[in-house]
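K.L.:
missing the sequence, but the structure's below:
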Ligand SMILES: Cc1ncc(COP(=O)(O)O)c(C=O)c1O
């Protein structure tokens with residue numbers, strides 16, 4: 001290792017985001033972005049209302065926090081805004097875990113949880129999903145560990161009913177359960193409604209999926225005021241101006257555009273159901289998704305091989321080289337036209 005570097009870097013394996021190759025135009029179905037950009041009205045509103053850029057951004061995103069709180073029907077002191085939900089997840093990992101309180105999450109889930117645990121020196125346990133890829137709630141419930149749960153899960157797309165989330169919360173009221181709801185707007189059940197009953201619940205959300213703002217980097221955490229205050233202290237101690245002024249304005253504009261967000265979700269859900277049906281007709285096994293992607297495996301074609309053949313034809317999907325899921329590919333749901341093109345290329349592969 002380089003003699004100048006801290007030993008903390010020794011075992012650091014970074015998160016590998018979905019590839020963004022620039023060598024040609026790809027049909028990009030690999031990073032679960034929205035296929036719909038923010039509306040022209042939202043972009044104009046943000047342009048007209050952005051705080052002058054010679055000034056620092058509003059440190060606590062006051063106006064955006066209030067609007068987000070209103071959208072979630074909670075009070076402003078229950079919400080904080082973050083630079084993507086990844087920042088909220090990292091703050092939660094630091095604030096809620098240590099040697100005496102390790103993290104626990106499923107073995108197949110958002111890969112960033114293990115990365116931030118390692119980066120922060122937090123011990124963690126990966127609890128295997130059941131054979132049908134649903135969360136093993138009783139195993140994950142073991143007390144004393146801070147739970148990180150993506151609901152619906154990624155990359156499986158499978159949702160966990162709120163009654164099961166309650167079991168996790170009840171199993172140990174003295175540890176936190178962090179519910180990552182990145183995909184909840186595509187048909188999941190939000191745990192925000194449980195915040196009135198549980199002070200050990202922290203819900204994390206993002207503007208990157210249903211709200212069309214992956215490039216703006218905006219996320220949020222919702223929980224009881226004491227927990228939010230602690231996360232804010234940590235944020236103020238590391239990155240006080242965490243959200244740039246333009247993203248704050250865009251976030252406000254998108255919250256005003258809720259009807260369009262809902263309509264976009266409806267279209268994606270419809271495309272998802274059609275995509276799942278068409279994949280099944282080609283012999284794929286498709287897990288039941290409540291997200292903006294499907295996770296599908298073919299009985300005879302290897303997942304990695306299919307990924308490579310699609311890429312050679314200009315289509316990017318996401319393949320995870322991990323034992324239990326190597327047969328699968330995660331396919332982001334795009335517009336109807338994008339999905340039609342996907343199936344044209346996929347069926348051409350069959351005829352090769
Ligand atoms: C489950 C899950 N949580 C969080 C994120 C991160 O989203 P953000 O863009 O808000 O950092 C992702 C991104 O793909 C995700 O899949």
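P.N.:
Arrived safely. Because the structure is predicted, anything quoted here is derived from the model rather than measured.

K.L.:
wait, isn't residue 212 in contact with residue 265?
P.N.:
No - using Cβ atoms under 8 Å, residue 212 makes no contact with residue 265, being 10.4 Å away. For every residue, glycine as well, the C-beta is placed using N, CA and C.

K.L.:
More neighbours: which of these two?
P.N.:
residue 212 (23 against 19; other Cβ atoms under 10 Å).

K.L.:
Let me see the contact set for that one.
P.N.:
By Cβ atoms under 8 Å, 6 or more residues apart in numbering, the residues touching residue 212 are 34, 36-38, 254, 261, 264.

K.L.:
Most widely separated two among these?
P.N.:
37 and 261 (12.3 Å; Cβ to Cβ).

K.L.:
Those two: which has the busier surroundings?
P.N.:
Between residue 37 and residue 261, counting by other Cβ under 10 Å, residue 261 is the more crowded of the two (22 against 12).

K.L.:
got the phi/psi numbers for the more buried one?
P.N.:
phi -60, psi -40 (degrees, to the nearest 10).

K.L.:
returning to what we had before: make CSV from the contacts of residue 212 and add pLDDT to it.
P.N.:
Below are the contacts of residue 212 laid out as CSV (pLDDT from 0 to 100):
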residue, pLDDT
34, 98
36, 98
37, 97
38, 97
254, 98
261, 97
264, 98
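
K.L.:
May I ask which of those has the most neighbours?
P.N.:
Result: residue 254 is most packed of the contacts of residue 212 (other Cβ under 10 Å), 25 neighbours.

K.L.:
for it, what are its contacts?
P.N.:
38, 42, 207, 211-213, 261.

K.L.:
in the stretch 101-250 of the chain, which spans are helices?
P.N.:
Secondary structure of the stretch 101-250 of the chain (DSSP state H, counting those that start in this stretch): helices located at 112-119, 137-140, 162-171, 225-238, 245-256.

K.L.:
Keep only those of the contacts of residue 212 that are in helices.
P.N.:
If you go by DSSP state H, the contacts of residue 212 have 254, 261, 264 in helices.

K.L.:
Not counting its neighbours along the chain, what's nearest the residue in the stretch 251-352 of the chain that the ligand sits nearest to?
P.N.:
Using Cβ to the nearest ligand atom, the closest approach of the stretch 251-352 of the chain to the ligand is made by residue 291 at 8.5 Å. Spatial nearest neighbour of residue 291, chain neighbours left out: residue 183 (3.7 Å); criterion: Cβ to Cβ, 6 or more residues apart in numbering.

K.L.:
Residue 302 - how many residues pack around it?
P.N.:
For residue 302, using other Cβ under 10 Å, the count is 13.

K.L.:
List just the one of the helices of the stretch 101-250 of the chain that sits closest to residue 7.
P.N.:
Going by Cβ to Cβ, the one of the helices of the stretch 101-250 of the chain nearest residue 7 is helix 112-119, 13.1 Å.

K.L.:
what packs against the closest one?
P.N.:
Here helix 112-119 touches helix 84-96, strand 103-106, strand 124-127, going by 3 or more Cβ pairs under 8 Å, 6 or more residues apart in numbering; DSSP states H and E.

K.L.:
how about the helices of the stretch 101-250 of the chain in a markdown table, adding distance to residue 285?
P.N.:
Below are the helices of the stretch 101-250 of the chain laid out as a markdown table (distance: least, Cβ to Cβ, whole Å):
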| stretch | distance to residue 285 |
| --- | --- |
| helix 112-119 | 26 |
| helix 137-140 | 23 |
| helix 162-171 | 23 |
| helix 225-238 | 40 |
| helix 245-256 | 36 |
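
K.L.:
Relative to the ligand, which of the ones you listed is closest?
P.N.:
helix 112-119 (6.6 Å).

K.L.:
Please see if that closest one touches the ligand.
P.N.:
No - using Cβ under 6 Å from any ligand atom, helix 112-119 stays clear of the ligand, coming no nearer than 6.6 Å.

K.L.:
Just want the angle from that helix to helix 84-96.
P.N.:
If you take axes from the mean of the first three to the mean of the last three Cα atoms, to 10 degrees, helix 112-119 sits at 50 degrees to helix 84-96.

K.L.:
Can you list the buried residues in helix 112-119?
P.N.:
Using 16 or more other Cβ atoms under 10 Å as the test for burial, helix 112-119 gives 112-119.

K.L.:
what residues does that helix touch?
P.N.:
11-15, 86, 89-90, 93, 97, 103, 105, 122-124, 126, 148.

K.L.:
same deal with stretch 13-20?
P.N.:
The set of residues external to stretch 13-20 that reach it, using Cβ under 8 Å, 6+ apart, is 30-31, 111-112, 115, 118, 316, 318.

K.L.:
on that earlier part again, reformat the contacts of residue 212 as TSV; add distance to residue 63.
P.N.:
Converted to TSV, those look like this (distance: Cβ to Cβ, whole Å):
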residue	distance to residue 63
34	24
36	25
37	23
38	18
254	13
261	19
264	24
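
K.L.:
quick revisit: which one among the ones in helices among the contacts of residue 212 gets closest to residue 282?
P.N.:
residue 264 (26.7 Å).

K.L.:
Could you work out the most separated pair of the contacts of residue 254?
P.N.:
Using Cβ to Cβ for every pair in the contacts of residue 254, the one that comes out farthest apart is 42 and 207, at 11.3 Å.

K.L.:
Dump the ones in helices among the contacts of residue 212 to CSV, plus distance to residue 61.
P.N.:
Shown next, in CSV, are the ones in helices among the contacts of residue 212 (distance: Cβ to Cβ, whole Å):
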residue, distance to residue 61
254, 14
261, 19
264, 24
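
K.L.:
Please go through the contacts of residue 212 and note which also touch the ligand.
P.N.:
Of the contacts of residue 212, not one also sits near the ligand (Cβ under 6 Å from any ligand atom).
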